[in-house]
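J.: here is a sequence with its predicted model. Questions after.
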2 protein chains.
Amino acid sequence: MDFLKVISTAKAKDLISEVFKDYKIDTESVNILSSVGRVLSEDIHAIYDVPNFNRSTVDGYAVKSKDTFGCSDFIPSLLEYKGAVQMGETAFGVVNTSETIYVPTGGMVPDGADAVVMIEYTDKLDESTVAINKAVRPGENVTYKGDDIKEGSVVLKKGRKITAQDIGVLASLSISSVNVYKKPRVTIISTGDEIVDITEKEENCKVKDINGYVLYALVEKSSCEVVNKLIVNDDFNKLKATIEEAIKTSDLVLLSGGSSVGTKDFTYDIINSLNGRGVFINGLAIKPGKPTIVGEAEGKPIFGLPGHPVSAITVYKILVDHLICEMLSIEDDMLSVDAILETNLHSSPGKETYQLVDLIEKENDKIAVPIYGASGLITTLAKAKGYIVISDNTEGIYKGEKVKVYIN
Amino acid sequence: MDFLKVISTAKAKDLISEVFKDYKIDTESVNILSSVGRVLSEDIHAIYDVPNFNRSTVDGYAVKSKDTFGCSDFIPSLLEYKGAVQMGETAFGVVNTSETIYVPTGGMVPDGADAVVMIEYTDKLDESTVAINKAVRPGENVTYKGDDIKEGSVVLKKGRKITAQDIGVLASLSISSVNVYKKPRVTIISTGDEIVDITEKEENCKVKDINGYVLYALVEKSSCEVVNKLIVNDDFNKLKATIEEAIKTSDLVLLSGGSSVGTKDFTYDIINSLNGRGVFINGLAIKPGKPTIVGEAEGKPIFGLPGHPVSAITVYKILVDHLICEMLSIEDDMLSVDAILETNLHSSPGKETYQLVDLIEKENDKIAVPIYGASGLITTLAKAKGYIVISDNTEGIYKGEKVKVYIN
């Protein structure tokens, strides 16, 4: 039976990459002040050296270093004072042998000088004489032109998710706007007669649309934009029309709740009835998250995520985030932390197991504490700092073993 | 000389906490869909049990578990079929001894039943008979009312920075809006005649306002709002008027560039000339970041951060973020990663040293690779994954030692 041909997550990622490898996301220019978290659509090159002049790192006297060799508190080197460089101004003169010019921190080191002596190690004896009490090495207290960034070099790469620190790099190059990928547009559809929005009055045993809200938050965290968040009941034609409309307005369509084996499951049939390759992944060899389907219609990806929130989030992180990273050229660099497993963990051979864990500090070690609960237990979500992956060719991990915890 | 009375970061944090312990940030109500990254200003209690009925975790037959004891493929237990519970509907009947009712995944388990047998282990023999081929334990495949969240319990605490996952917890409790702290308002002022905005044409050796941009990004990352970002040259009255205005419109004022010992340093005098306690921290025993001042005027905190970007960011993360966490009741839980130090690292006893590092994976270990450069070198910022702290009572850390890397 086709439905039981579950595949590994590695195989699923490869298939998704292959099917959508030519999908293009447009780009746009944004001011760097609103660019944090956005993804660069091109390499950023330095258009000049940084710094673009030789800069003093201290308040002090610019000198030829050989003029200071051997000097000390007792045998100072006496140099001729030729004036002071002003901050932000071009140095006015040249330092010749036995001469010195004062330079403030960040100021330009004059030609001729190859080092700066900190003011603490000098005495200004009179209007034209400075005593140097400490020797400096060539280059000491000087940052040379281009030391920081060389003209023409790549400072930030295409696919980089811009950080607060990167803003400093861009500012240092006078780059006030950058080209980034537009946020991929996502439609989120929760399916099922039993699903009601959380703002509706509780009716019998209706199920609150938790996935719609969690997926909304995850989509925004993935540098995407939610164009619509909907609940559609189990009506084939209505769901089909909704998916067709979503395909037109979105880059990705996320369905949830409709992928369990159930009497009211239309998702599979609808995706196959649309114009495209249809469903190409039907079931994942993972726990939780098995009842997952992935299809293509009109060139757009459609994910059918499990109905249980923890399962839906797990599959979102493995497959949906993978596709978004591919679309935006993001290097997948999920942060992980090494920790010691607190208890034995069993798993089912043949299935990759994703286990939510809390992380606690104990005697200078990090301990990974599994959070148990049926996959529908929503509290596990908030308690978990991250998760560990138990590979499909093992029966579990023993207490005390080192594990990699992927951070939420 | 007062200026040289540097203090430790621990002492500085304590002083800041003490001086601003009564500072209040207002609260506001926001929709949960725009609450990620905001900070809860009150505990969130469960107003009902989750789930609020006994729920099946599988598609299958609700039974009295004792009716299944001892059964198998060869000796099935034959039960009377009484109908099917619909998703989202209240169970219509009671399961008595030798009876069964079908329940879908997520459906309500009828009274009388204490377990559900997965459909895979059953055969529907005719309209009124189901054969059970596998025994179930009491409670098997059932999530009981309140198993997930107990009515009245605290599910998310005041001071919690709301995550995508938390949105699921709130949604499961039908909470569509929450009370959060307003974003603290921050004015950022870069000082110095040599500072020009990055959009200005390069003039002589003017210094680009890198700090203004980096601090803007960091402030937003700290759940705060920038009300103004300014450059003010070295004019005592103009800077004083700007700070006075900033105090009126902001919860925090961040100055940078004006704290070095220099001829044009007015920050110290201005803060002391305002109505309040004035400067109470003047110099930190850390590297980089020594020339830091912190003061209070009109009840508001004023930070004078170092001019070098790496120093300014370091002090921001240690002191400014500390104060923001205190103002918003955030538990300071900076993520850290254990790693092996790649090279010996020297430090100055008496000073805490903050060393930026990259993190690389090598043979299943994480290696912390120090990124060197004068504190002004802006490229170090983008390369660093985090930093390590070398305590003030050591001369350094040896290659191969375990270090804690705080993630940016």
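T.: Right, received. Where do you want to start?
J.: quickly list what the residue most central in space within chain A is bridged to.
T.: Centroid-nearest residue in chain A, with CA atoms, centre = their mean: A:Lys161, separated by 5.0 Å. Applying DSSP bridges to A:Lys161 gives these bridge partners: A:Val39.
J.: that one reaches A:Ser35, doesn't it?
T.: No - A:Lys161 is beyond contact range of A:Ser35, at 10.1 Å (criterion: CB atoms under 8 Å). Using the backbone N, CA and C atoms, a C-beta is placed for each residue, glycine as well.
J.: state the distance from the residue nearest to the centre of chain A to B:Ala382.
T.: Distance of A:Lys161 to B:Ala382, given as CB to CB, to the nearest Å: 12 Å.
J.: could you do A:Asp111 as well?
T.: Remark: distance between A:Asp111 and B:Ala382 (CB to CB) = 31 Å.
J.: close to chain B, is the longest strand anywhere in chain A?
T.: Longest strand of chain A, by residue count under DSSP state E: strand A:352-362. No - Strand A:352-362 stays clear of chain B (CB under 8 Å from any CB of the partner chain), getting no nearer than 8.6 Å.
J.: model confidence over that strand, on average?
T.: Mean per-residue pLDDT for strand A:352-362: 91.
J.: distance from the chain centre to that strand, please.
T.: Mean-position distance between strand A:352-362 and its chain equals 21 Å (CA atoms, centre = their mean, to the nearest Å).
J.: just checking, what packs against that strand?
T.: Other elements packing on strand A:352-362 under the criterion 3 or more CB pairs under 8 Å, 6 or more residues apart in numbering or on different chains; DSSP states H and E are strand A:286-287, strand A:336-341, strand A:365-370, helix A:379-383, strand A:386-390.
J.: what's the angle between that strand and strand A:365-370?
T.: Angle between the axes of strand A:352-362 and strand A:365-370 is 140 degrees (criterion: axes from the mean of the first three to the mean of the last three CA atoms, to 10 degrees).
J.: ok, and what's touching strand A:352-362?
T.: With CB atoms under 8 Å, 6 or more residues apart in numbering or on different chains as the test, strand A:352-362 has contacts from A:8-9, A:285-289, A:310, A:314, A:318, A:337, A:339, A:345, A:347, A:366-371, A:380-381, A:383-392, A:405.
J.: swap in 6 Å and give it another go.
T.: The contact list for strand A:352-362 (CB atoms under 6 Å, 6 or more residues apart in numbering or on different chains) reads A:9, A:286-287, A:314, A:347, A:366-371, A:380, A:383-385, A:387-390, A:392, A:405.
J.: same question, stretch A:220-229
T.: Contacting residues not belonging to stretch A:220-229 are listed as A:37, A:39, A:183-188, A:212, A:216, A:219, A:249-250, A:321, A:324, B:164 [CB under 6 Å, 6+ apart].
J.: would A:Lys66 count as being in a strand?
T.: No - counting by DSSP: H, G, I helix; E, B strand; the rest coil, one finds A:Lys66 to be helix, located in no strand.
J.: so where is chain A shaky, pLDDT-wise?
T.: Where chain A drops to pLDDT under 70, the residues are A:1-4, A:202-205, A:258-265, A:332-333, A:373-376.
J.: what sits against A:Val279?
T.: The contact partners of A:Val279, taken as CB under 6 Å, 6+ apart, are A:268, A:271-272, A:293, A:295.
J.: please indicate which of those are buried?
T.: Buried members of those, counted by 16 or more other CB atoms under 10 Å in any protein chain shown: A:268, A:271, A:293, A:295.
J.: can you tell me which of those residues end up in helices?
T.: Among these, DSSP state H puts A:268, A:271 in helices.
J.: could you pull up phi and psi at A:Ala285?
T.: Dihedral pair for A:Ala285: phi -80, psi 60, per degrees, to the nearest 10.
J.: burial of it, as a residue count?
T.: Look at A:Ala285: counted by other CB atoms under 10 Å in any protein chain shown, it has 19 neighbours.
J.: now do it against A:Asn272, distance only.
T.: Relative to A:Asn272, and taking CB to CB, A:Ala285 is found at 22 Å.
J.: same check on A:Gly112?
T.: A:Gly112 sits 78 Å away from A:Asn272 when distances are taken as CB to CB.
J.: that older thread, just checking, the residue nearest to the centre of chain A touches A:Leu40?
T.: No - A:Lys161 is beyond contact range of A:Leu40, at 8.2 Å (criterion: CB atoms under 6 Å).
J.: of all of the stretch 1-150 of chain A, which residue lies closest to chain B?
T.: A:Gly88 (2.9 Å; CB to the nearest CB).
J.: just list whatever residues bridge to the residue located most distally from the centre of chain A.
T.: The centre of chain A is farthest from one residue, A:Asp126, which by CA atoms, centre = their mean lies 57.0 Å away. Taking DSSP bridges as the rule, A:Asp126 bridges to A:Thr129.
J.: name all residues that make contact with A:Val214.
T.: With CB under 6 Å, 6+ apart, A:Val214 has these contacts: A:309, B:167-168.
J.: buried set for the helix or strand containing it?
T.: Element membership of A:Val214, judged by DSSP states H and E, is helix A:210-221. Within helix A:210-221, the residues that count as buried by 16+ other CB under 10 Å are A:210-220.
J.: how far is that helix from where the chain is centred?
T.: For helix A:210-221, the distance from its own C-alpha centre to the chain's C-alpha centre is 18 Å (CA atoms, centre = their mean).
J.: enumerate the residues of the stretch 1-150 of chain A near chain B.
T.: Applying CB under 6 Å from any CB of the partner chain, we find that the stretch 1-150 of chain A lies next to chain B at A:33, A:36, A:53, A:57, A:87-90, A:105-106, A:108, A:143, A:148-149.
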